[in-house]
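1. Sequence plus the predicted model coming up.
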Amino acid sequence: MHPPILGYVTPLSAQPGQTLSFRISSAGDRPFTARVLRIHCADPNPDGPGLQLEPVDFALQASYAGRELAVYPGACALAALNPDALGNAKQIELRVLTRPTLVQGGPQVLASLRDATAAQGVALAVEDGEWVALALQETGAAPVALRTGLRATQDRWQSVSLSLALAERRLTIRVGPVPVGTPGAGPALPEQEAVLDAPAGLDWRPFTHLCLGALWEGHPSQGYNGLIEAPALHAGGQVLAQWNLADAMQESSVPGAQPGMPALTLVNTPVRAVRSSRWSGLNLNWKEAPDEYAAMYFHADALTDCGWEEGVSLRIPPGTPSGVYGLEVVHPEGSDTIPFYVTPAPDGPRARVLFLAPTLTYQAYANHARGNYAGQLAERIAQWGAYPHNPDVVPQFGASTYNRHKDLAGISLSSRLRPILTMRPGYLTFPDPNGSGLRHFPADSHLTHWLREKEFDYDVITDEDLDDQGLDALRPYDVVLTGSHPEYHTRRMIEALVAYREGGGYLMYLGANGFYWKIARPAAAPHLLEIRRAEGGIRAWASEPGEYYHQLDGGYGGMWRRNGIAPQCTGGVGFAVQGGFEGVGYKRTPESYDPDVAWLFQGVEGETYGDFGLSGGGAAGFELDQVVPELGSPAYLKIVGISDGHGPSFRIAPEEILTWTIAASIPRQYEGVRAHMAVGVAEQGGGLFAAGSITFLGSLSHNGCNNNVSHIVENCLRHFLSISLAKRGADSASL
């Protein structure tokens, strides 16, 4: 199913006076209209505030010419060859080492040689467990498959070569064993050879392009699933081109091994920093043993840049308030709203409150196919008129880092240069019987709706802005608010948040399972993020041993807890419990009555609160955080509320235990299957509020925002603003 119109934006945020580029595909090349909306609430639940999308006057054309744009997934590496060097050669031979990871189906092209018109050529591929040669004879025509009878063995290293005897019009394919650096690889594969006659219509004109991992037709097609190492092209007994795939590990091209040899240009970002055939297991960091990581991992379904042309250029007018916006593009058969962010002008007025939109977490989950669309969820989407498209049925725009590639390898790279269906107003994640079933972007609109209802002025920046600017992005603000699940962070982001708080700022962490995974995001490719799911934690898949270091920045990946900066160091609490998408309320602790924190509950009656909400039916649910002093929770933080009575699906997170009977830390206050709500103010200034639950924000709008959770958040925000203002006044008076 291809939506009638959809697109993406780059970059994701802009200041007034800057310009955003929207890349739009319009089915049937139909013209479309566009308008800008301020996104206040993205929850379509009729029992809640409902979608609140406010039209904003931007200078836009009456209509735009539409083009239907294709999507070409597949990681590959392309080299431009010198046809003169090949012109007089009587024999050409391509050699590679490879480890196929999916041998059924196909054909999957390991490597292809094409002429300048991409009409003639030859390729080596895997099809249904067999190595085959593909004769490419004319543009648009199906390749002719030449069967070899040679077996392609899944998950085993093997040497493969394709030799072309031009005068004799003969192709020879050889498959042989590869010595590997670790024991346990099994007996050596037997050497195999097949000699084939070229089809009569195949023209041996000079080849101009070599593509590894796909058939190149101006774009990748029939992509390969597997690792490739030590590619080399020989002509007339000489090495014409070869590459060490450990070179330029963090770049988008790989130079030739010798001066004058062509470079390989990488398309759709093959996975690197992976074990090659020579990996010994004695070195676990690719930077210390690059020859043991001289391979690339290609996937036929990889997509890190749609490469679409611009459909709408949008300049942010001076004076535009900071906030969450969307460009709505309307096609005769449907529409799409593409979110973007307006950040404050550097020399313009600033609010005192900042919402830090967790956009890198949105990106990590981008197009998460959960396999839950059919049935109740589809029925609810239709009933509510919610966002109609779901990655389960619209898979062509790539999946999330919570999914796997077709060969079952975990997806470690995610890009925003593609439509992100899960980041849309009205997108439903779960068929939640007690609420809306929202996650991430639409769930965080419960906060922006509440801020509007309570008439708090606020600015917005994205995770990318924080990563680019560091502490300077936070310094102007008295209070910084997080979303419901700020999970993915670079080191610079973590350092900035900790420095902000320890420097006197006030952080309200309004979710859970935040500050959890360490990611890489390179300056040279800011649209990309990388996750290596190393060692431990709640994981949808696990990185292979020896592949715990990022390719994009060389840093060790995995959990921040395993990198020595547990979530408690940043947000005061850290992930401890996971369960189903359901919630309960909190109850007050004896400490909540202490004079230094009792202000939080002004106007809140009773011992319990939050047993309601649009996320699972309660403020404490799904994933829960706890205070742990030895992991970095500040000493001034007090636990003022705990949840209890969670259902049987809730379990302690793996990193919290050594065995099922031994905890990974010393006994803690209010331990077990509970969320901790905590608050505190540091003696030297600055402070923290931590909700301890992912579903917390879903309770804010209950009863028109007149409820005990809303009162608690408002009390905290006003208190932090008040003491911050008083401190600034005292500092000014002392000058």
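-> Arrived safely.
2. Please, where are all the strands along the stretch 251-400 of the chain?
-> 253-254, 264-267, 271-274, 295-298, 310-315, 323-331, 334-342, 353-357 (DSSP state E, counting those that start in this stretch).
3. residue closest to the middle of the protein?
-> Centroid check for the chain by C-alpha atoms, centre = their mean gives Ala364 as the closest residue, at 2.3 Å.
4. and the gap between that residue and Tyr516?
-> Summarising the geometry, the distance separating Ala364 from Tyr516, computed by C-beta to C-beta, to the nearest Å, is 10 Å. For every residue, glycine as well, the C-beta is placed using N, CA and C.
5. Find the residues that touch each one of these two.
-> Applying C-beta atoms under 8 Å, 6 or more residues apart in numbering, one finds that Ala364 and Tyr516 are jointly contacted by 487-488.
6. Out of the strands of the stretch 251-400 of the chain, flag the one nearest Trp204.
-> If you check each of the strands of the stretch 251-400 of the chain against Trp204 by C-beta to C-beta, strand 264-267 wins as the nearest, at 23.8 Å.
7. Adjacent strands (with direction) for that closest one?
-> According to DSSP bridges, strand 264-267 has the following sheet partners: strand 76-80 (antiparallel), strand 253-254 (antiparallel).
8. for this structure, which spans come out with low pLDDT?
-> The chain contains residues with pLDDT under 70 at 1, 87, 118, 138-140, 186, 729-735.
9. again, 80 this time
-> Where the chain drops to pLDDT under 80, the residues are 1, 83-89, 116-119, 137-142, 166-167, 184-189, 200-205, 659-661, 663-664, 727-735.
10. Can you list the residue ranges for helices in it?
-> Defined through DSSP state H, the helices belonging to the chain, from first to last, are 83-87, 359-364, 376-384, 440-453, 463-469, 491-502, 567-571, 702-705, 708-733.
11. just to revisit the earlier point, can you tell me which of the strands of the stretch 251-400 of the chain is most buried?
-> Counting by mean count of other C-beta atoms under 10 Å, strand 295-298 has the highest mean neighbour count of those, with a mean of 28.
12. that older thread, among the strands paired with strand 264-267, which is the most enclosed?
-> Across these, averaging neighbours per residue (mean count of other C-beta under 10 Å) puts strand 76-80 on top, at a mean of 23.
13. Please report how far the closest residue to Glu328 other than its chain neighbours lies from Arg174.
-> What sits nearest to Glu328 in space, not counting adjacent residues and going by C-beta to C-beta, 6 or more residues apart in numbering, is Thr337, at 4.6 Å. Remark: distance between Thr337 and Arg174 (C-beta to C-beta) = 55 Å.
14. next one: Glu671
-> When distance is defined by C-beta to C-beta, Glu671 is 62 Å away from Arg174.
15. Could you check which of those two has the larger neighbour count?
-> Here Glu671 and Arg174 are compared on neighbour count by other C-beta atoms under 10 Å; more neighbours surround Arg174, at 19 against 16.
16. how about that one, what does it touch?
-> 159-161, 163, 191-193.
17. Just the buried ones from those residues?
-> For those, burial is judged from neighbour counts taken by 16 or more other C-beta atoms under 10 Å, and it is met by 159-161, 163, 192.
18. which one of those residues is nearest Pro667?
-> When those are compared for distance to Pro667 (C-beta to C-beta), Ser159 comes out closest, at 57.0 Å.
19. Does the closest one touch Ile173 like I think?
-> No. Ser159 sits out of contact with Ile173 when judged by C-beta atoms under 8 Å, with a separation of 11.3 Å.
20. picking that back up, is it possible to export the contacts of Arg174 to JSON lines including distance to His368?
-> Output for these, formatted as JSON lines (distance: C-beta to C-beta, whole Å):
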{"residue": "Ser159", "distance to His368": "38"}
{"residue": "Val160", "distance to His368": "35"}
{"residue": "Ser161", "distance to His368": "41"}
{"residue": "Ser163", "distance to His368": "45"}
{"residue": "Glu191", "distance to His368": "44"}
{"residue": "Gln192", "distance to His368": "42"}
{"residue": "Glu193", "distance to His368": "46"}
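21. how close does the closest residue to Leu451 other than its chain neighbours sit to Arg352?
-> Nearest in space to Leu451, with sequence neighbours left out and distances taken as C-beta to C-beta, 6+ apart, is Tyr458 at 5.2 Å. Applying C-beta to C-beta, one obtains 8 Å for the distance of Tyr458 from Arg352.
22. do Arg315 as well
-> 28 Å.
23. What of Thr490?
-> Distance, Thr490 to Arg352, using C-beta to C-beta: 26 Å.
24. Over to Ala534?
-> Shown here: Ala534 relative to Arg352, a distance of 39 Å by C-beta to C-beta.
25. Those two: who's more crowded?
-> When Ala534 and Arg352 are compared on other C-beta under 10 Å, the one with more neighbours turns out to be Ala534, at 24 against 18.
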